[in-house]
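[1] What would the 3D arrangement of this be:
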Amino acid sequence: MQKSDIARLLLLAALWGASFMFMRVASPAFGAINTAFLRVFFGFCGLSVILLTMGVSFRFDGKMKWVLLLGVVNSGLPFLMYCIAAQLLPAGYSAILNATTPMMGVMIGALFFAEALTLKKSAGVITGLCGIVLITSTGNASEIHVLIPGMLCCLLATACYGTAGFLTRRWIHQRGGLDARTLAMGSQLGATLFLLPFFIGSLISGPQVHWAQSSAWFSVLAVGLLCTAAAYILYFRLLASIGPLRSLTVTFLIPPFGVLWGWLFLDEALSGRFFMGAAVICLAVWLVITPSRAERASQPMTK
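    Model (predicted):
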């Protein structure tokens with residue numbers, strides 16, 4: 001990889017790692033539903049402006065319905081789950097659990113999409129579960145009743161991410177494909193439309209929100225414009241320059257940044273057992289996303 005690609009990779013990991021810190025600030029202030037809606041709304045607006053500036057033509061080729069549905073699975077539901085988790089967990093916890101996405105993809109693929117489950121990937125899934133157990137057992141007994149629901153929300157979010165990958169292949173790629181930038185913008189629109197009724201319902205009948213909170217607004221704008229819109233553009237640049245396999249290495253870099261931002265700006269203190277669990281989960285991610293010897297042998301040689 002060139003130095004510019006490494007810089008983009010680190011910047012992308014820093015942005016996605018910061019998203020958990022921003023949600024940790026905004027969600028308790030505005031509520032989970034409001035924060036999730038504002039994130040996808042600003043993400044959609046930001047992506048639309050960036051892509052229009054780049055001269056991208058938004059052609060959905062008859063796939064608009066599927067793109068909107070993907071937005072629900074890949075953005076609407078998981079962002080809502082992470083906003084709920086942000087009211088219960090430190091940002092570092094959510095960042096680490098986000099790394100279970102490849103593990104969830106393997107499990108869902110084997111259970112529902114007839115994907116082959118190799119010995120190495122099976123080991124990765126089992127290793128990841130051990131890491132989750134280690135993190136769950138962190139802290140004293142009085143914290144467990146808060147910790148477990150928050151972790152379940154994070155795992156439900158990563159299950160959505162894992163499912164979205166297979167649905168994208170079935171609904172988009174097997175139907176002729178679509179420009180990835182158009183897909184990203186359309187999915188944010190789908191997530192916005194999905195969360196809009198919940199947002200309106202929250203404004204009408206939900207708890208009263210004190211909207212004049214500058215730190216919460218800064219966090220919402222940052223997570224929408226920077227961690228969603230700008231981060232997607234960075235990700236597409238990486239896909240084009242270094243390919244999807246190397247781009248997946250960002251999965252390893254997000255948790256350290258998530259923990260770092262939480263420690264620097266939110267004064268989050270994490271135990272040694274948490275870091276042990278985080279290391280085990282990173283090992284699980286490596287087992288899942290690196291190809292086995294047989295898979296490498298089956299891949300065509302390239303120069």
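[2] Could you measure from residue 221 over to residue 130?
    Between residue 221 and residue 130 the distance is 38 Å, computed by CB to CB, to the nearest Å. Bear in mind the C-beta positions are built from the backbone N, C-alpha and C, glycine included.
[3] again, but for residue 203
    43 Å.
[4] Model confidence for residue 159, exactly?
    We have a pLDDT of 96 for residue 159.
[5] So it, which state does it fall into?
    The three-state assignment at residue 159 reads helix, by DSSP: H, G, I helix; E, B strand; the rest coil.
[6] which residue sits closest to it, ignoring its sequence neighbours?
    Residue nearest to residue 159 in three dimensions, not counting chain neighbours: residue 104, with 4.9 Å by CB to CB, 6 or more residues apart in numbering.
[7] That neighbour contacts residue 165, doesn't it?
    No - at 9.6 Å, residue 104 and residue 165 do not qualify as touching, with contact defined as CB atoms under 8 Å.
[8] When those two are compared, which one has more neighbours?
    Neighbours were counted for residue 104 and for residue 165 using other CB atoms under 10 Å; residue 104 has more, 22 against 18.
[9] give me every residue that touches the more buried one.
    Applying CB atoms under 8 Å, 6 or more residues apart in numbering to residue 104 gives the contacts 155, 158-159, 161-162.
[10] quick one: it from residue 266, how far?
    The gap separating residue 104 from residue 266 is 26 Å, by CB to CB.
[11] same thing with residue 217?
    With distances taken as CB to CB, residue 217 is found 17 Å from residue 266.
[12] Can you tell me how far the spatially most central residue of the chain is from residue 196?
    Centroid-nearest residue in the chain, with CA atoms, centre = their mean: residue 98, separated by 6.2 Å. Here residue 98 is placed at a distance of 25 Å from residue 196 (CB to CB).
[13] and what of residue 276?
    42 Å.
[14] likewise residue 159?
    Taking CB to CB as the measure, residue 159 falls 24 Å from residue 196.
[15] Which one's more surrounded, those two?
    residue 159 (21 against 14).
[16] pretty sure the more buried one contacts residue 106?
    No - at 11.5 Å, residue 159 does not count as touching residue 106 under the criterion of CB under 8 Å.
[17] sorry, back to before: buried set for the stretch of helix or strand the residue nearest to residue 159 belongs to?
    Element membership for residue 104 (DSSP states H and E) is helix 101-112. Residues of helix 101-112 classed as buried: 101-110 (neighbour count, 16 or more other CB atoms under 10 Å).
[18] Can you give the distance of that helix from its chain's centre?
    15 Å (CA atoms, centre = their mean, to the nearest Å).
[19] Show the subsequent helix or strand relative to that helix.
    By DSSP H and E, the next helix or strand past helix 101-112 is helix 119-136.
[20] what's that following helix in contact with?
    Applying CB under 8 Å, 6+ apart, the external contacts of helix 119-136 come out as 93, 96-97, 100, 102-103, 106-107, 144, 147-148, 151, 155, 273-274, 276-281, 283-288, 290, 292.
[21] Write a ChimeraX command that selects only the buried members of those.
    Buried subset of those, written as a ChimeraX selection, criterion 16+ other CB under 10 Å:
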select :93,96,97,100,102,103,106,107,147,151,155,274,277,278,280,281,283,284,285,286,287,288
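[22] which one is residue 163 nearest to, not counting chain neighbours?
    Nearest in space to residue 163, with sequence neighbours left out and distances taken as CB to CB, 6+ apart, is residue 108 at 5.4 Å.
[23] where does the stretch 151-300 of the chain dip in pLDDT?
    Under the criterion pLDDT under 70, the flagged ranges of the stretch 151-300 of the chain are 245, 292-300.
[24] counting contacts, what elements does the helix or strand hosting residue 34 pack onto?
    Using DSSP H and E, residue 34 sits in helix 32-53. Judged by 3 or more CB pairs under 8 Å, 6 or more residues apart in numbering; DSSP states H and E, helix 32-53 is in contact with helix 3-30, helix 77-86, helix 180-205, helix 214-221, helix 231-247.
[25] Please compute how far the second one lies from its chain's middle.
    Per CA atoms, centre = their mean, the displacement of helix 77-86 from the mean C-alpha position of its chain is 10 Å.
[26] mean confidence for the helix or strand following that helix?
    Going down the chain from helix 77-86, the next helix or strand is helix 91-98, by DSSP H and E. Helix 91-98 carries an average pLDDT of 92.
[27] residues in contact with helix 91-98?
    In contact with helix 91-98 (CB under 8 Å, 6+ apart) are residues 17, 20-21, 23-24, 82, 85-86, 132, 135, 147, 150-151, 154-155, 157-158, 254-255, 257-259, 261-263, 266, 268, 270, 274, 277-278, 281.
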